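Asker: Dropping the sequence and predicted coords here.
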Amino acid sequence: MTANSQRRVLLAKPRGYCAGVDRAVQTVEIALEKYGAPIYVRKQIVHNVHVVKTLEERGAIFVDETEEVPEGSIVVFSAHGVAPVVHEEAKGLDLRTIDATCPLVTKVHKEAVRFAAQDYDILLIGHEGHEEVIGTTGEAPDHIHLVDGPDDVANVTVRDPERVAWLSQTTLSVDETIATVEKLRERFPKLMDPPSDDICYATQNRQVAVKEMAARSDLVIVVGSTNSSNSVRLVEVAKEHGADSAYLVDYAEHIDPAWLGGVTTVGVTSGASVPDELVQEVLAWLAERGFGEAEEIESVQESMRFSLPKELRKDLRITPVQSTSP
């Protein structure tokens, strides 16, 4: 092992909470303060075990299906979005809903509705079973076909090859999405693009930062949960762009000291649903083992902000903020 003085940590920036996650978590926190516990949340508000556990301790109750929420209660819809049928289910149970869907996911929903209204076949690039994919598909189930990566392109069947459009899950690998679109365009030369890129700014920015960091790292540690698509993608991106190894952990205690064997430089980042306190714990764990002060690797500055859901703003009498560019 190299001398301690030569061990170092590279810390990716941006990392952690994106504007959509910050908005969703705040929504549950403020709802608990304003209305009192319990507040029901359909699905995990964001895909992070620590965040969910913390909110549960404050009085949030997470459920898998709308029917599990007692009639007349308050229910928050997660950042990943829901299909229109879920809104109807909530209405039927006389639930008071607060929609914490990320505005960037809502944008994809609106694109699906628009393409379906024009009778396009919509090729949705994403992972089967992911909550965001389920929600988007529910906007136009008769028009949407799931495409799970470049290898799935050959399986696509459409009614009219000249009336085909593509959309994507917002948390995918940028590179894999580009590769999938290129293969789709080979099959469907008149493939229609969405009005703007569907991969969210935070997902792209975190992947760009990891690419730069991985090229200089022996080991990359990504803080995030296994059901977080964007966190899993960061591990894949790190391995593809120079890191000898990369691992996903929820907490510092999940790091295996054996991973540090022969390692001089450790890169650290976190998924878009991870509070920074968990990253700081990882840095402290590494410092105890001879990896000193972290050097931040900043690829791009972020300033995006989203207003709280309108249902909360109304009760709190908050003026909406203007979203600023990433």
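Answerer: Nice, thanks for sending it over.
Asker: my guess is Ala90 contacts Thr66, does it?
Answerer: Yes - using Cβ atoms under 8 Å, Ala90 is in contact with Thr66, at 5.5 Å. C-beta: built from backbone N, CA, C; applies to glycine.
Asker: which residues are in contact with both of those two?
Answerer: Listed as contacting both Ala90 and Thr66 by Cβ atoms under 8 Å, 6 or more residues apart in numbering are Val75.
Asker: Next, Val49: phi, psi?
Answerer: Backbone geometry at Val49, expressed as degrees, to the nearest 10, gives phi -70, psi -40.
Asker: count of neighbours near it?
Answerer: Look at Val49: counted by other Cβ atoms under 10 Å, it has 16 neighbours.
Asker: likewise Gly262?
Answerer: For Gly262, the count of nearby residues is 10 (other Cβ under 10 Å).
Asker: Three-state assignment for it, please.
Answerer: Judged by DSSP: H, G, I helix; E, B strand; the rest coil, the three-state class of Gly262 is coil.
Asker: Wait, it touches Ser245, no?
Answerer: No - taking contacts as Cβ under 8 Å, Gly262 lies outside contact range of Ser245: 10.3 Å.
Asker: Give me the common contacts of these two.
Answerer: In contact with both Gly262 and Ser245: Asp218, using Cβ under 8 Å, 6+ apart.
Asker: Quick check, pLDDT for Asp315.
Answerer: The pLDDT attached to Asp315 in the predicted structure is 86.
Asker: tell me the contacts of Arg289?
Answerer: Counting by Cβ under 8 Å, 6+ apart, Arg289 touches 257, 260.
Asker: Quickly note the distance from it to Tyr247.
Answerer: Distance of Arg289 to Tyr247, given as Cβ to Cβ, to the nearest Å: 15 Å.
Asker: try Pro257
Answerer: Taken as Cβ to Cβ, the span from Pro257 to Tyr247 is 12 Å.
Asker: which one of the two has more residues nearby?
Answerer: Tyr247 (16 against 8).
Asker: what about the closest residue to Asp244 other than its chain neighbours, neighbour count?
Answerer: Using Cβ to Cβ, 6 or more residues apart in numbering and skipping residues adjacent in sequence, the residue nearest Asp244 is Asp218, 5.1 Å away. Residue neighbour count, defined by other Cβ under 10 Å, stands at 18 for Asp218.
Asker: can you pull the contacts of Asp218?
Answerer: Applying Cβ under 8 Å, 6+ apart, the residues near Asp218 are 243-245, 262-266.
Asker: residues in contact with Glu68?
Answerer: Contacts for Glu68 (Cβ under 8 Å, 6+ apart) come out as Tyr40.
Asker: Let me see the residues that make contact with stretch 103-117.
Answerer: With Cβ under 8 Å, 6+ apart, stretch 103-117 has contacts from 20, 79-81, 101, 122, 124, 132, 135-136, 139-140, 142-144, 165, 167-168, 170, 192, 194-196, 198, 200-201, 306, 323.
Asker: Now restrict those residues to buried residues only.
Answerer: Applying 16 or more other Cβ atoms under 10 Å to the contacts of stretch 103-117, the neighbour count classes 20, 79-81, 101, 122, 124, 132, 135-136, 139-140, 143-144, 165, 167-168, 170, 192, 194, 198, 200-201, 306 as buried.
Asker: need the helix or strand of the chain with the lowest average pLDDT.
Answerer: Every helix and strand in the chain was compared by mean pLDDT, DSSP states H and E; the lowest is helix 310-316, with a mean of 91.
Asker: roughly how far out does it sit from the chain middle?
Answerer: Mean-position distance between helix 310-316 and its chain equals 25 Å (Cα atoms, centre = their mean, to the nearest Å).
Asker: now stretch 61-72
Answerer: Centroid separation between stretch 61-72 and its chain, computed with Cα atoms, centre = their mean, is 23 Å.
Asker: Now do the buried residues in it.
Answerer: Residues of stretch 61-72 classed as buried: 61-62, 66, 69 (neighbour count, 16+ other Cβ under 10 Å).
Asker: on that earlier part again, please save the CA atoms from the least confident helix or strand of the chain in CSV.
Answerer: Provided in CSV are the C-alpha atoms of helix 310-316 (Å, rounded to 0.1, in the frame of the first residue of the first chain):
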residue,chain,number,x,y,z
LYS,A,310,-49.8,23.5,-5.7
GLU,A,311,-51.8,21.7,-3.1
LEU,A,312,-49.3,22.7,-0.4
ARG,A,313,-48.7,26.2,-1.8
LYS,A,314,-52.4,26.9,-1.5
ASP,A,315,-52.5,26.0,2.2
LEU,A,316,-49.2,27.7,3.0
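Asker: Brilliant, that's me finished.
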